[in-house]
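1. Coordinates for the following, if possible.
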Amino acid sequence: MCALVAAPSILAQADADAQRRALLVRPPAVPFQAWREVDRDDFSRTYDTSFPSPYATDRPENATVYVRAFLPADESKPTPVVLILHYWGATDLSLESRMARELNATGVAAVVMTLPYHLKRTPRGYRSGELMLQADPASLIASMTQSVQDVRRTIDWIESRSEFDNAKVAISGTSLGGIVASLAFATEDRFRSGAFVLAGADIAGLLWTSSRVVSQREALRRQGYNENRLRAELEVIEPTTYLRKADPRASLVIAASLDTVVPPKNAQTLIDSLGSPTVQWLQTGHFGGALARGRIVRSVARFLTSKFNGTTYVPATINPPTLYFGLLLSTDKGLQVATSLDVWRSNSRGDLFAAVSLTPQGPQGFFGTKVSQGLAAGAVFTPRRTSVGLSWRIAF
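-> Below is the predicted model:
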């Protein structure tokens, strides 16, 4: 008698269904320990706690979820709360703490959750976040699934605390944290609103075009992957698989039009997949947004607070300067590496612009016009003379 063997397509579908269940199922209840106060000032009370991750991995350091809660200092009744997720490779939580305190100032609590393989969850011998994004689809699926399951358990913890208003829970994330947040928002209806900063959708497309994951992309190519094959394998963790345009929940997307880490195409994919999001485009690159972090933080806090309170959110204009890295060629100084900052643009595209550049031969000015994407021709200014030059640069 011959054994019955399942067809490969049936096995693949069963595996995909199992992965989907692992992502979507609510984790089992666990007892939560008491939190510990770590700081108090005129605006905030800060507490730390931790609990087991519901998703098992082979790294003991990654088995615990760490959260830091920020409560308004003078609030005694249950308060709305925002779950905040950090960016890839974070080595501290300064940005997230700043956002939490901004929320506290409006009477809203915040809970910052550490993503898998980051900060205290980093295995010895690795950088923070290094194991979160590996050139292996199975590993990526596991990391994103664990992230969403950790978010779900964090909501369970929030619901166990009387200090929080369980009917008013939102989520916010930046960069990778924003991608995880969008997936959690799509698959978890306990979130009432969401804010996604410098984030995007179509994870396979991101991996195939982002300037931040060049080594991972090349490793995937060596394994025989192309963008379409990768997209098919990552469908189970793709936010657009679960996001619904009919979703009535409020959302905010802050994106950068010159972003090479999360390209505008991917940000637009996220925007198009949400219900009716509020959208703010920054004329800068991914890291240029750091120069406007205070205004971005305030915008996110104001948006989420307005949704909790049922008030109207009016977006504020955010115009951060754009930082560039590239090459500067002049008839006077030759070819130089340059970091530059625009000080004037003729329009939002920067067809005609003036920039100040820092080079190994000192500061120099450039005034010119775009020839093609990233390339411009014009005049280079130094304290001694003016010469003809070319500038090639990318925003960062």
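
2. Please, where are all the strands along the stretch 101-250 of the chain?
-> 109-113, 164-174, 193-197, 250-256 (DSSP state E, counting those that start in this stretch).

3. residues in contact with the longest one?
-> Here strand 164-174 makes contact (CB atoms under 8 Å, 6 or more residues apart in numbering) with 78-87, 95-96, 99, 109, 151, 155, 158-159, 178-182, 184-185, 190-199, 300, 304, 307-308. Heads up, the C-betas are built off the backbone N, CA and C, glycines and all.

4. next one: the third one
-> Here strand 193-197 makes contact (CB under 8 Å, 6+ apart) with 170-175, 178-179, 181-182, 185, 249-254, 270, 289, 296, 300, 303-304, 307-308.

5. go on, stretch 315-327?
-> Against stretch 315-327 from outside (CB under 8 Å, 6+ apart): 254, 258, 278, 280, 282-285, 287-289, 291-292, 295-296, 298-299, 302-303, 335-342, 350, 355, 374, 391-396.

6. Just those residues: which are in strands?
-> With strands taken from DSSP state E, the overlap with these comprises 254, 278, 280, 282, 335-342, 355, 391-395.

7. Whichever of the contacts of strand 164-174 end up buried, select them in ChimeraX.
-> Per 16 or more other CB atoms under 10 Å, the buried members of the contacts of strand 164-174 correspond to this ChimeraX selection:
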select :79,80,81,82,83,84,85,86,87,95,96,99,109,151,155,158,178,179,180,181,182,184,185,190,191,192,193,194,195,196,197,198,199,300,304,307,308
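
8. With distance to residue 40 and mean pLDDT as added columns, please give the strands of the stretch 101-250 of the chain in a markdown table.
-> Formatted as a markdown table, the strands of the stretch 101-250 of the chain follow (distance: least, CB to CB, whole Å; pLDDT from 0 to 100):
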| stretch | distance to residue 40 | mean pLDDT |
| --- | --- | --- |
| strand 109-113 | 14 | 98 |
| strand 164-174 | 18 | 97 |
| strand 193-197 | 27 | 98 |
| strand 250-256 | 30 | 97 |
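
9. Need the winner for burial among those strands.
-> strand 193-197 (a mean of 28; mean count of other CB atoms under 10 Å).

10. tell me the angle of that strand relative to strand 250-256?
-> 0 degrees (axes from the mean of the first three to the mean of the last three CA atoms, to 10 degrees).

11. Strand 193-197: how far from the chain's middle?
-> Chain-centre distance of strand 193-197: 10 Å, with CA atoms, centre = their mean, to the nearest Å.

12. And the contacts of stretch 360-371?
-> The list of residues contacting stretch 360-371 from outside it, by CB under 8 Å, 6+ apart, reads 328, 330, 333, 336-338, 340, 349-357, 376-382, 389, 391.

13. Buried ones among those residues?
-> Looks like the contacts of stretch 360-371 have 328, 330, 333, 336, 338, 340, 350, 353-355, 357, 376, 378, 380-382, 389, 391 buried, using 16+ other CB under 10 Å.

14. Mind checking what secondary structure residue 55 has?
-> Secondary structure for residue 55, judged by DSSP: H, G, I helix; E, B strand; the rest coil, is coil.

15. Next, count neighbours for it.
-> Neighbour count of residue 55, defined by other CB atoms under 10 Å: 21.

16. Now do the contacts for it.
-> Counted by CB under 8 Å, 6+ apart, residue 55 has contacts 22, 142, 145, 146, 149, 150.

17. try it again with 10 Å
-> 22-23, 27, 62-63, 65, 116, 142-143, 145-150, 153 (CB atoms under 10 Å, 6 or more residues apart in numbering).

18. Now, of these, which are buried?
-> 22-23, 62, 65, 116, 142-143, 145-150, 153.

19. Among those, which lie within helices?
-> Counting by DSSP state H, the part of the buried ones among the contacts of residue 55 found in helices is 22, 23, 142, 143, 145, 146, 147, 148, 149, 150, 153.

20. Just put the residues you listed in a markdown table and tack on distance to residue 222.
-> Below are those laid out as a markdown table (distance: CB to CB, whole Å):
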| residue | distance to residue 222 |
| --- | --- |
| 22 | 28 |
| 23 | 28 |
| 142 | 21 |
| 143 | 21 |
| 145 | 25 |
| 146 | 26 |
| 147 | 26 |
| 148 | 29 |
| 149 | 31 |
| 150 | 31 |
| 153 | 36 |
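
21. circling back to that earlier point, among the buried ones among the contacts of residue 55, list the two that are farthest apart in space.
-> By the measure CB to CB, 23 and 62 form the most distant pair in the buried ones among the contacts of residue 55, at 17.5 Å.

22. any idea how far the most centrally placed residue in the chain lies from residue 64?
-> Nearest to the centroid of the C-alpha atoms of the chain, with distances taken as CA atoms, centre = their mean, sits residue 175, at 1.6 Å. Applying CB to CB, to the nearest Å, the value for residue 175 to residue 64 is 23 Å.

23. Excluding covalently adjacent residues, which one is nearest to residue 27?
-> Nearest residue to residue 27, sequence neighbours excluded (CB to CB, 6 or more residues apart in numbering): residue 54, at 3.4 Å.
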